[in-house]
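In: Curious how this folds, go ahead:
(2 chains)
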Amino acid sequence: MDIKLTEDQTQLQDIASKFMDNHCTFDFVRKMEKDEGFGFCPDMWKQFADMGWLGIIVPEEFGGMGMSTLDMVVLVREMGRHLCPSPYLFTSVLAADVIAQAGTRKQKAALLPEIVSGKTIYAFAYQEYSRFFKPEHIKLQAKRDGDNFILNGTKLFVEFAEGADTIVVAARTGKANSQSGLTLFLVDRNSTGISIKHMPTMSRDRHYQIDFNNVEIPTSARLGKQSKGWEALEPSLHKTVIAFCAYTNGAGFEMHGYATKYASERVQFGRPIGQMQTIQGYLAQMIMELYGADMLTMFSAFQIDKARHTRGYVAKAKAFSAETVGHVMDVSSQIFGGMGYMEEQDTTLFLRRGKQYQLALGGTEYWEDVIAEEIIDREPVVLT
Amino acid sequence: MDFDWSPEEIAFREEVREFIAREMTEEVEGSIFIDTPPRIEFVTKMGKLGWLGMGFPEKYGGSPNPFPLAQFILNSELDRSGAPIIGKNVGTIASTIFNVASEEMKMEFLPMIFRNEGQWAITYTEPNAGTDLGSMQCRAIDKGDHFEVTGMKHYITSAHFCRWHWMALRTDPDAPKHKGISIFIVDHDSPGLSLSRMDTIGREGTTHRTNQVFFDKMKIPRARLVGELNKGFYYMMQALDYERFAILSFASRVRRFDHIVDWYKNVDFEGERPSDDPNTRRSLARMAARVEVGTMLERMAICKAQYEVPAVEAAMNKAWGASIGDEFAQLSLDLMGPFGGLWGGEHSPFEGGLADEYLMAGHARVAAGGVDTSKAIIARRLLGLPNALDKPKLPQR
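Out: A predicted model of the protein is given here:
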C-alpha cells in the first residue's frame, strides 16, 4: 500500500495546475459569472480537448486516453482549486462514462470521439422537484409513440444546459415511485418543445430549469435498456460524484491556503493573527477535514477502478466532502474578518460556492440515507 | 497510488490473526494496556516470535523487518481484537535508546525490551508540568558518579508493576527550560522511591490505576543517563511524534462503532425499532463517514511512515481519532435515551459498556499530548504558523 501519486499523476497535476494558474484566474471566474454567453469559455474547452482532458476516461479505441478514475480526479481537483467553470463533469465524466458503459457499439463509435474532440457538450437532467436525489422521485414521463418517445415534465438544476448540445435525461418509462422503470435518453438540446430557464443561485453558476413539452425524440436516442436506466446510470453517477468531491476538496484546499496566508500576514494586537491559538485551532481542524475528505475521495476512486462495491464509500465521501467544503468556506471567511464578506474580495467567490456545492448532486441527508442503507439494511462491504 | 495491501502484507496479517485467535483469552481482551499478568504473557509470546524488535539489528535482539508496514499491521490487528498493542516500550523507549544511547545501554536494555522482560513506566508528568513538559521541576542533582532526586511525578501509568522507569528530570535549573532536562533509566526498586495509587474515573472493576511517584534522596547511577545530558526534552518530543502514531491505532474504534451499529440494527423497544427511525439512521450514517475518515487519516500516516516519522500525520491521527472516539461514545448514549447511562442490569446495553466507553473516551483526548496540542503541532509544522508562545514576530513587508 502506498498513497503517493505516481509519476504520471504528478505530471498531470503539475500541468493542470500551471494551466489553471495561467488561464483560470479570479478575474476569469468573475467574468464567467457575468458572461453573456453560457458561463464557460469555448476557447478553454478547445484547449481541454487539445490536452486530451476531455477524453481522459474515454477508452483509447474511441480516441480517449483510457485513464483511470483516480487519474481523472487528480485533474479535477486542480480545476476545483481554481473554481474552473466548465461542463467538464457532465460531459467528460458522466456522459462519457455512461455512454461507454451503457451505449451500443454504434452509439459509442459515434458519440465518444465527439466528446474527446470537444464537439459535443453534455448536460445532465436528473433532479426534479424533490429535496432528495432519489431515482424514485423522477416523474418526467417518456411515452413510446411508434418510432418515437414523447417526453413531458420538468427537470431542475441542469448545469450548463444552455451551452450544451445534448442532454442526458433520466425519464420514467415504467413503474412510478421506484428505482426501476427509468430510462436514459440523449436529447438534442434544440428539440422542439424544450424550453430553458435560468435558475439563479448564490454561486452565480449556470443552473437551468428545462421544461419538456411533448418533446419527440427517436428511439435511437435511448441509452441502454428500457426501464433499466438507474442500473446504467448509478455507476457513472458515482464516478461523477467522486469527481465532484475532488473538485470541492480542491476548492477547499485553495481557500484554506488563502486563509492560512492571510493569518500569517494580518497583524492585530501586535502579532500575526495566525499566532493566536483560536485561529490555529480553526486552521488545523479544517486541514484535517480536508485531508480526510481528500483521502476518502481518492480511496473511493481507487476502488471504483477496481470495480468493487463502492456505494457506501461514495456516499461517505460525498457526505463528508460536502460538510467539509461548507465548513472550510465559512470558517476561512471568518478568519478574514469584515473583508471576508466584501464583494470585491476574491475569497467570496469560494464562500458563495461552498454551501452551493454542499447541496449539489444530492445533499447531505440524501447521502446519509445511502450510507444508512449500506451499513444498516445490508451486510456492510468493508474494503481494506 | 495503491490502496491495496500487497500479498506479503496480507500474508503477515493472516499470521497475526492466527496468533490472536490462538492466544487471545478473555483475560487478555478488553484493553490496550499491558497491565495484568495474562496481558504481559501475551506480549511475551509476541516477543518470542520476534514481533517486538522488528526492524532493529539482531545483535540487540531485534529481528529483520519483513516490510515497512509490518509494525502497523501488527498493531492494527491487535487493537482491532482488543489485545494489548506494541506501545511505549518499543515505540518510545527502545527507539530512543537505539537512536541516542551508549552501546552498553543498548546491549543491556534492548534485548530485554524485545523479550518483554521487565515492564516500563514513562515517568514524565508533574503537577506543574502537564502539556508543558518543559516546565518540569523535579530535579536530578549531579553528584559526580550519581544523580540525586527528591520530588514527585504523577499520572504515571504502569508504575505499580514496572521494573524500570523511563524518567525525565531537570538537570540544569539555570538553562532555558527546554535545555535543562535529561532522560534516565531508573530501577523501580531504588531506595527512596515510593508510590501512591490514583484511580481513573469509572465503574468498579473497569477503571485503570495510575500513580503518584515520590522520590526521597533517590540515587541514579550516572551510567543510567540516556544519551547526552540536557538533551532530554528533544528526545521526548521526537519519541512523542512516534508514540502519538503508535498508540493510536484506529482499528479498535472501527470495531466498537461496528458493534454499536449492529446493536441498533437489531434492537427493538417494544415495537419501536431505531433502525427504522430516520434520525437515528442519519446520525449513525454521519458518524460512519467520520469514522471512515479516521481510517483514512491513519492510512495516510502509515503510508508516510514508510519514508519518515509522520509527525504531522500522527498529530492528525491523534486529534481526529480521539475526537471521534468521544463523538461516537456520546452519540451512542444520546441515541439510547435514558438507557445510555445505565451501568449494568437488565436494560443496560453492552452491560454498561457504553457508559464506560464514554468515560474512557476522555482519556484518549488527553493521552500522549492532548487534542489541542496535536492541533498546535499541525498549525506550526504543516501550516507554518508561528508558535503561539513565542514573542510576536511581525511579518516582513
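
In: so where do the strands sit in the stretch 151-300 of chain A?
Out: Using DSSP state E, counting those that start in this stretch, the strands found in the stretch 151-300 of chain A span residues A:166-172, A:182-188, A:194-199, A:207-218, A:222-223, A:267-268, A:271-272.

In: Pop the domain breakdown of chain B in here.
Out: Here the domain assignment for chain B is B:7-86, B:120-229, B:248-382, based on automatic domain parsing.

In: Relative to the whole chain's centre, how far out is the helix or strand harbouring residue B:300?
Out: Secondary structure from DSSP states H and E places residue B:300 in helix B:278-305. Taking CA atoms, centre = their mean, to the nearest Å, one finds helix B:278-305 lying 20 Å from the centre of the chain it belongs to.

In: May I see the buried residues of that helix?
Out: With burial defined by 16 or more other CB atoms under 10 Å in any protein chain shown, the residues of helix B:278-305 counted as buried are B:280-305. Bear in mind the C-beta positions are built from the backbone N, C-alpha and C, glycine included.

In: Report the mean per-residue pLDDT for it.
Out: Helix B:278-305 shows a mean pLDDT of 93.

In: Please name every helix or strand in contact with it.
Out: helix A:277-305, helix A:311-335, helix A:364-372, helix B:232-246, helix B:251-266, helix B:311-334 (3 or more CB pairs under 8 Å, 6 or more residues apart in numbering or on different chains; DSSP states H and E).

In: can you do 10 Å?
Out: Judged by 3 or more CB pairs under 10 Å, 6 or more residues apart in numbering or on different chains; DSSP states H and E, helix B:278-305 is in contact with helix A:277-305, helix A:311-335, helix A:364-372, helix B:70-80, helix B:232-246, helix B:251-266, helix B:311-334.

In: how about low-confidence regions in the stretch 251-397 of chain B?
Out: Residues of the stretch 251-397 of chain B meeting the criterion pLDDT under 70: B:368, B:397.

In: all helices for the chain, in order.
Out: Let's take chain A. Residue ranges of the helices in chain A, as given by DSSP state H, are A:7-23, A:26-34, A:42-50, A:69-81, A:88, A:96-102, A:105-117, A:229-265, A:277-305, A:311-335, A:347-359, A:364-372.

In: ah, no, chain B please
Out: B:7-23, B:37-48, B:70-80, B:88, B:95-100, B:103-114, B:232-246, B:251-266, B:278-305, B:311-334, B:353-366, B:371-377.

In: quick one: which of the strands of the stretch 151-300 of chain A is nearest chain B?
Out: Chain B sits nearest to strand A:271-272 of all the strands of the stretch 151-300 of chain A, at 3.3 Å, using CB to the nearest CB.

In: Report the rounded mean pLDDT for the closest one.
Out: 95.

In: Okay, now the sheet partners of it, with direction.
Out: Strand A:271-272 has the following sheet partners, assigned by DSSP bridges: strand A:267-268 (antiparallel).

In: In the stretch 1-150 of chain B, where is pLDDT below threshold?
Out: Scanning the stretch 1-150 of chain B for pLDDT under 70 picks out B:30-34.

In: Within range of chain A, give me the residues from it.
Out: Residues of the stretch 1-150 of chain B that fall close to chain A, judged by CB under 10 Å from any CB of the partner chain: B:1-6, B:9-10, B:13, B:68-69, B:72-73, B:76.

In: Can you name the residue of the stretch 1-150 of chain B nearest to chain A?
Out: residue B:3 (4.7 Å).

In: Return the backbone torsion pair for that residue.
Out: phi -90, psi 0 (degrees, to the nearest 10).

In: surely it meets residue A:304?
Out: No: with contact defined as CB atoms under 10 Å, residue B:3 does not reach residue A:304; the gap is 11.5 Å.

In: Now the common contact residues for these two.
Out: Each of residue A:70 lies in contact with both residue B:3 and residue A:304 under the rule CB atoms under 10 Å, 6 or more residues apart in numbering or on different chains.

In: Residue A:171 versus the spatially most central residue of chain A, what's the distance?
Out: Chain A has residue A:244 as the residue nearest its centroid, 3.6 Å off, counting by CA atoms, centre = their mean. Distance of residue A:244 to residue A:171, computed by CB to CB, to the nearest Å: 23 Å.

In: re earlier: could you dump the helices of chain B into TSV and include distance to residue A:274?
Out: TSV is the format used below for the helices of chain B (distance: least, CB to CB, whole Å):
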stretch	distance to residue A:274
helix B:7-23	40
helix B:37-48	44
helix B:70-80	33
helix B:88	33
helix B:95-100	32
helix B:103-114	41
helix B:232-246	22
helix B:251-266	31
helix B:278-305	23
helix B:311-334	17
helix B:353-366	24
helix B:371-377	12
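
In: what's the nearest residue to residue 147 if we skip its chain neighbours?
Out: No chain specified, so I'll use chain A. In this structure, residue A:147 finds its nearest non-sequential neighbour in residue A:219, 5.8 Å apart by CB to CB, 6 or more residues apart in numbering or on different chains.

In: Can you look at chain B instead?
Out: residue B:140 (3.9 Å).

In: now residue A:9
Out: residue A:74 (5.0 Å).

In: Please give the number of neighbouring residues around that neighbour.
Out: 26 (other CB atoms under 10 Å in any protein chain shown).

In: So what's the residue count around residue B:175?
Out: The local packing of residue B:175 (other CB under 10 Å) involves 12 other residues.

In: Against residue B:177, how distant is residue A:330?
Out: 39 Å.

In: quick one: contacts for residue B:376?
Out: Here residue B:376 is in contact with A:277, A:280-281, A:284, B:131, B:315, B:319, B:369-370, B:385, B:387-389 (CB under 10 Å, 6+ apart).

In: and these, which are buried?
Out: Buried members of those, scored by 16+ other CB under 10 Å, are A:280, A:281, A:284, B:315, B:319, B:369, B:370, B:385, B:388.

In: show me what contacts the residue nearest to the first one when sequence neighbours are not counted?
Out: In this case it means residue A:280. In this structure, residue A:280 finds its nearest non-sequential neighbour in residue B:379, 3.6 Å apart by CB to CB, 6+ apart. By CB under 10 Å, 6+ apart, the contact list for residue B:379 reads A:260, A:263, A:274-275, A:277, A:279-285, A:287, B:315, B:385-388.

In: please redo it, this time with the cut-off set to 7 Å
Out: If you count contacts by CB atoms under 7 Å, 6 or more residues apart in numbering or on different chains, residue B:379 has them with A:280, A:283, A:284, B:385.

In: cool, residue A:166 as well?
Out: Going by CB under 7 Å, 6+ apart, the list of residues near residue A:166 reads A:120, A:122, A:186, A:187, A:188, A:189.

In: cutoff 10 Å now
Out: Contacts of residue A:166 by CB under 10 Å, 6+ apart are A:91, A:95, A:99, A:111, A:114-115, A:120-123, A:185-190, A:221.

In: Same question for residue B:98.
Out: Applying CB under 10 Å, 6+ apart to residue B:98 gives the contacts B:53, B:55, B:56, B:57, B:60, B:62, B:90, B:105, B:106, B:109, B:110, B:113.

In: Tell me the one of those residues nearest residue A:361?
Out: Within those, proximity to residue A:361 (CB to CB) peaks at residue B:55, which comes in at 45.3 Å.

In: I'd assumed residue B:74 was in contact with the closest one.
Out: No: with contacts defined as CB under 10 Å, residue B:55 does not count as touching residue B:74, sitting 11.3 Å away.

In: so how far is residue B:376 from the residue sitting furthest away from the middle of chain A?
Out: Going by CA atoms, centre = their mean, the residue of chain A most distant from its centre is residue A:270, 43.5 Å out. For residue A:270, the distance to residue B:376 (CB to CB) stands at 20 Å.
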